[in-house]
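Colleague: I'll drop the sequence and a predicted model, then ask my questions.
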Amino acid sequence: MPMKTISTCFISFFIPFFSLKAQSDKDMFTFKNGDTIHGKLSKMEYDMLFIKTEISKGDLKVKWNQLKYLSTNKFYRITLIDGEHFIGTINSNPLDSGQLMVTYKTRKDTLDTDFASILSINKSYSQFSDKFSIGLTAGYTFTKSKNLNQFTATSDLSYSTNQWGAIGHVKTVHNTQDSVSDVHRTDGSLFLLKSFKRNNFGAIGVSLLSNDEQNLRLRTSSFLNYGSYLARTHKVDWLLSAGIAWTNETFNDEVTTSSNSAELIASSGLKIFGISDLTLNSRLDTYANLTSLGRFRVDFNISLDWHLPKGFLIKVGNTTNFDSRPVSKSASNVDYIYFTTLGWKL
């Protein structure tokens, strides 16, 4: 047999094999409209399914509730609506495409569930890049009148494992103007979260605030919280928590220089997503002072994120701080800022 004929037969025999092997390495998605896509499941969150394909530069985004059949072969971190989370594979039941079978990584049994009960699907945190997320935004304003310059910057950081998570944020504002003293303001927090069953969690961390309006050189609060999600769906996260804090304050005040106190904390966080490319984040923290009875503080944060292609985002929001009885006599009861920034999130 001629060599050319042998080569042709060899190629003809192995091409279907390699094609089948490449196809088997991909996940398969069939939608309610009958379309089928082969690719890689990147993640599912906020009711959106992200699929990496060879025909699109970025992830293809499809509504999760439009999915009819799913077949994967990798391990993912899967979170259910009721708060249960685990590592496993997820596939449609061959006998009932409306049902899903989750095969645990560390157990031999499977879990039968449905599409509506899956809250999120993420990478199984096998690499550092899967665990780490960072977002940076900045804004600048200049006005000719009195040479007003204002710079605003925010940063958000998160690190997650299957049971633990660390979340931090910092927001700073620097304002200069002719014939007026410079205005500085910085607030931030860093805390460690531990997830429990039934959407419960514990948190330990520290928050800080420095602002000229309230004569605060620096306020730090070390806190311990325990809370629960009252609602956790594809559209809304709503949580409540309570705990205790130890607060240290130093002031830009010649009369009152510092103060220490114990405080009770009650907090509420609300996140609304899935409305086009918008995400609304809000948080209310209230502090009842145990050392100086009758004094209470309120910190309120709200922001609207508009997610743009390539990871870019526009963030607008407000932060308000209220103190019913400032320790520094020359301090204001309330301070607030409104900001608009442009940034990027990895």
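Modeller: Noted; the coordinates are in hand.

Colleague: which of the helices or strands spans the nearest residue to F322 once chain neighbours are set aside?
Modeller: With sequence-adjacent residues excluded and distances taken as Cβ to Cβ, 6 or more residues apart in numbering, F322 is closest to V298, at 4.4 Å. Every C-beta, even on glycine, is put in place using the N, C-alpha and C of the backbone. Per DSSP states H and E: V298 is located in strand 296-307.

Colleague: check which helices and strands the following helix or strand past that strand sits against.
Modeller: Tracing the chain C-terminally past strand 296-307 and defining elements by DSSP H and E, one meets strand 312-323 next. In terms of contacts (3 or more Cβ pairs under 8 Å, 6 or more residues apart in numbering; DSSP states H and E), strand 312-323 is packed against strand 132-143, strand 296-307, strand 334-345.

Colleague: measure the spatially most central residue of the chain to I134 for me?
Modeller: Central residue of the chain (Cα atoms, centre = their mean): S158, 7.3 Å from the mean position. Using Cβ to Cβ, to the nearest Å, S158 is found at 8 Å from I134.

Colleague: same question, F251
Modeller: F251 is 33 Å from I134, by Cβ to Cβ.

Colleague: those two: who's more crowded?
Modeller: F251 (22 against 13; other Cβ atoms under 10 Å).

Colleague: wait, doesn't the more buried one sit right on V327?
Modeller: Yes - here F251 reaches V327: they are 6.8 Å apart, a contact under Cβ atoms under 8 Å.

Colleague: need the overlap of contacts for these two.
Modeller: S259 (Cβ atoms under 8 Å, 6 or more residues apart in numbering).

Colleague: now A203. Nearest residue, chain neighbours left out?
Modeller: Counting by Cβ to Cβ, 6+ apart, the residue nearest A203 is N225, at 4.4 Å.

Colleague: what bridges to that neighbour?
Modeller: A203, G243 (DSSP bridges).

Colleague: ok, it - contacts?
Modeller: Contact partners of N225, counting by Cβ under 8 Å, 6+ apart, are G202, A203, I204, S241, A242, G243, I265, S267.

Colleague: what's the answer for G311, then?
Modeller: Taking Cβ under 8 Å, 6+ apart, one finds W344, K345, L346 in contact with G311.

Colleague: now do the strands in the stretch 151-300 of the chain.
Modeller: In the stretch 151-300 of the chain, the strands defined using DSSP state E, counting those that start in this stretch lie at 164-177, 180-195, 200-211, 216-232, 236-251, 258-275, 278-289, 296-307.

Colleague: quick one: the fourth one to strand 200-211, angle?
Modeller: Think strand 216-232. With axes from the mean of the first three to the mean of the last three Cα atoms, to 10 degrees applied, the angle from strand 216-232 to strand 200-211 works out at 150 degrees.

Colleague: for strand 216-232, C-alpha coordinates in PDB please.
Modeller: Only the C-alpha atoms of strand 216-232 are listed here, as PDB (Å, rounded to 0.1, in the frame of the first residue of the first chain):
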ATOM      1  CA  LEU A 216     -12.000  62.500  64.000                       C
ATOM      2  CA  ARG A 217      -8.400  61.900  63.600                       C
ATOM      3  CA  LEU A 218      -9.200  58.200  63.700                       C
ATOM      4  CA  ARG A 219     -11.900  55.900  65.000                       C
ATOM      5  CA  THR A 220     -11.300  52.100  65.000                       C
ATOM      6  CA  SER A 221     -13.900  49.600  66.100                       C
ATOM      7  CA  SER A 222     -13.000  45.900  66.600                       C
ATOM      8  CA  PHE A 223     -16.100  43.800  66.400                       C
ATOM      9  CA  LEU A 224     -17.600  40.300  66.700                       C
ATOM     10  CA  ASN A 225     -20.800  39.600  64.900                       C
ATOM     11  CA  TYR A 226     -23.200  36.700  64.300                       C
ATOM     12  CA  GLY A 227     -26.000  36.900  61.700                       C
ATOM     13  CA  SER A 228     -28.200  35.200  59.100                       C
ATOM     14  CA  TYR A 229     -29.600  35.800  55.600                       C
ATOM     15  CA  LEU A 230     -33.300  36.600  55.800                       C
ATOM     16  CA  ALA A 231     -33.600  36.400  52.000                       C
ATOM     17  CA  ARG A 232     -31.100  34.800  49.600                       C
END
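
Colleague: check contacts around the residue nearest to V183 when sequence neighbours are not counted.
Modeller: Nearest in space to V183, with sequence neighbours left out and distances taken as Cβ to Cβ, 6+ apart, is N175 at 4.0 Å. Contact analysis of N175 by Cβ under 8 Å, 6+ apart lists L148, N149, Q150, F151, D182, V183, H184.
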